[in-house]
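Student: here are the coordinates; sequence isn't available:
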């Protein structure tokens, strides 16, 4: 072909002259594809290594905070037991001590689990070593049980706070509140059996969940701020003298 007096050459692919040359060309293509796939896998592996590392950092901070909250709740067990006994006295339970001051309510700091939800949704948990992922699942499963008990306690104490209103202790009031008191005591006993008070003051980390947290490095330092407002702290002091 010509174009304005110039010859245009069309270069056609050369057919391999031998089977060996054909295999060589195929080999080059296969090696190129393999290198590309390995590079992609390496980049993906680095990505998930980073994601898992960040997820574990967030999980360990969150679990450490929740252990501090658990320690706070465990430390209040004797106070809760004593105040429930006084509530029994106000409701006319035989042999119960009298209610010497307003009933009030114990404080229940939040136990967040958002980092776990994010780690699950992002796929980071699925890329952790199996034992590590299972340990985190166990920890957060136990935290869910604790939070459910705390929700029950909140509900019971909200009902028992009617004792602060000075309502006459009629049979109807007793009939309504005595089952609530019985449930509150049962929940408190169950919580104390599963999360007992330790003599050294580090109760949460001495529990089973504390041991699991230590396995993944999530025990963390103690004494974090629990996010309780000044009003809540004052209410706690009024509820439990000498805590």
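Tutor: Done, it's in. Quick caveat, the model's predicted, so the values are computed rather than measured. Numbers count the residues shown, from 1 in each chain.

Student: hey, let's count contacts and neighbours off CA atoms from now on
Tutor: Noted.

Student: distance of the residue sitting nearest the centre point of the chain relative to residue 63?
Tutor: The centre of the chain sits closest to residue 113, judged by Cα atoms, centre = their mean, with a distance of 3.6 Å. Computed with Cα to Cα, to the nearest Å, the distance linking residue 113 and residue 63 is 8 Å.

Student: and stretch 158-170, how far out from the chain middle?
Tutor: Mean C-alpha position of stretch 158-170 versus that of the full chain (Cα atoms, centre = their mean, to the nearest Å) differs by 35 Å.

Student: any idea how far apart the tips of it sit?
Tutor: Stretch 158-170 has an end-to-end distance of 19 Å (criterion: Cα to Cα).

Student: same question for stretch 91-103.
Tutor: Start and end residues of stretch 91-103 are separated by 12 Å (Cα to Cα).

Student: residues making contact with that stretch?
Tutor: Counting by Cα atoms under 8 Å, 6 or more residues apart in numbering, the neighbours of stretch 91-103 from elsewhere in the structure are 83, 85-90, 160-161, 163-164, 169, 174, 177-178, 239.

Student: which among those count as buried?
Tutor: 83, 85-90, 160, 163, 174, 177-178, 239 (16 or more other Cα atoms under 10 Å).

Student: tabulate the residues you listed in TSV, adding columns for distance to residue 57.
Tutor: What follows is the buried ones among the contacts of stretch 91-103, written out as TSV (distance: Cα to Cα, whole Å):
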residue	distance to residue 57
83	39
85	43
86	44
87	43
88	46
89	48
90	48
160	40
163	45
174	50
177	45
178	46
239	36
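
Student: report the two of those residues separated the most.
Tutor: Considering Cα to Cα, no two members of these lie farther apart than 174 and 239, which are separated by 21.8 Å.

Student: what secondary structure does residue 106 sit in?
Tutor: Assigned state for residue 106: coil (three-state reduction, DSSP: H, G, I helix; E, B strand; the rest coil).

Student: kindly apply the preceding question to residue 234 instead.
Tutor: Per three-state DSSP, residue 234 ends up helix.

Student: got a pLDDT number for it?
Tutor: Listed pLDDT for residue 234 reads 76.

Student: same question for the one 5 residues further on.
Tutor: Reading off the per-residue confidence, residue 239 sits at a pLDDT of 80.

Student: for the nearest residue to it once chain neighbours are set aside, grab the count of nearby residues.
Tutor: Ranked by Cα to Cα, 6 or more residues apart in numbering and with sequence neighbours excluded, the top spatial neighbour of residue 239 is residue 104, at 5.4 Å. Neighbouring residues of residue 104 were enumerated by other Cα atoms under 10 Å; the total is 20.
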